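K.L.:
Sequence and predicted structure, then a few things I'm wondering about:
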Amino acid sequence: MTVEGLGGRDELDDLQKAFVEYGALQCGFCGPGMLLSGRALLNSNPHPDREEIKEALAGNLCRCSGYDRIIKAIESISNK
């Protein structure tokens, strides 16, 4: 799976929408990895807690220090 495969041709994945809504996409360096890690987590655990989200994202480096926005975006999907 690639980040381009998350959403359809005409519709973004819910997680992609949340990243936009929460300003989680800043410079674009980490976006694909964060989105794919977040989607993999939500697919295996639809309602992760904050620590589980942090653990799932641990292999990704955000150069903009935007982890809080990324975590909030994933939390917003996990609370649905």
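P.N.:
Alright, I've got the coordinates.
K.L.:
Near the closest residue to Ile70 other than its chain neighbours, how many residues? Count them for me, please.
P.N.:
Computed as Cβ to Cβ, 6 or more residues apart in numbering, the closest residue to Ile70 that is not its neighbour in sequence is Ala24, at 4.5 Å. In this view, the C-beta of every residue, glycine as well, is placed from N, C-alpha and C. For Ala24, the neighbour count with other Cβ atoms under 10 Å is 27.
K.L.:
Repeat that for Ser65.
P.N.:
Around Ser65 there are 8 other residues, counting by other Cβ under 10 Å.
K.L.:
Can you check the pLDDT for it?
P.N.:
Ser65 carries a pLDDT value of 78.
K.L.:
How about the contacts made by the residue nearest to Ile70?
P.N.:
By Cβ atoms under 8 Å, 6 or more residues apart in numbering, the contact list for Ala24 reads 18, 31, 34, 66, 69-70, 72-73.
K.L.:
Most neighbours among these, please name it.
P.N.:
Greatest neighbour count in those, by other Cβ under 10 Å, goes to Ile70: 28 neighbours.
K.L.:
Can you name every helix or strand that whatever helix or strand Glu52 lives in contacts?
P.N.:
Taking DSSP states H and E as the definition, Glu52 sits inside helix 50-57. Helix 50-57 makes packing contacts with helix 31-44, helix 67-78 when contacts are defined by 3 or more Cβ pairs under 8 Å, 6 or more residues apart in numbering; DSSP states H and E.
K.L.:
quick one: low-confidence parts of the protein?
P.N.:
Applying pLDDT under 70 to the chain flags no residue at all.
K.L.:
shouldn't Gly38 be in contact with Lys54?
P.N.:
No: using Cβ atoms under 8 Å, Gly38 is not in contact with Lys54; the gap is 11.3 Å.
K.L.:
SS state for Leu12?
P.N.:
When classified by DSSP: H, G, I helix; E, B strand; the rest coil, Leu12 comes out as coil.
K.L.:
where's it relative to Ser76, distance?
P.N.:
Leu12 sits 14 Å away from Ser76, taking Cβ to Cβ, to the nearest Å as the criterion.
K.L.:
Which one's more surrounded, those two?
P.N.:
Ser76 (17 against 13).
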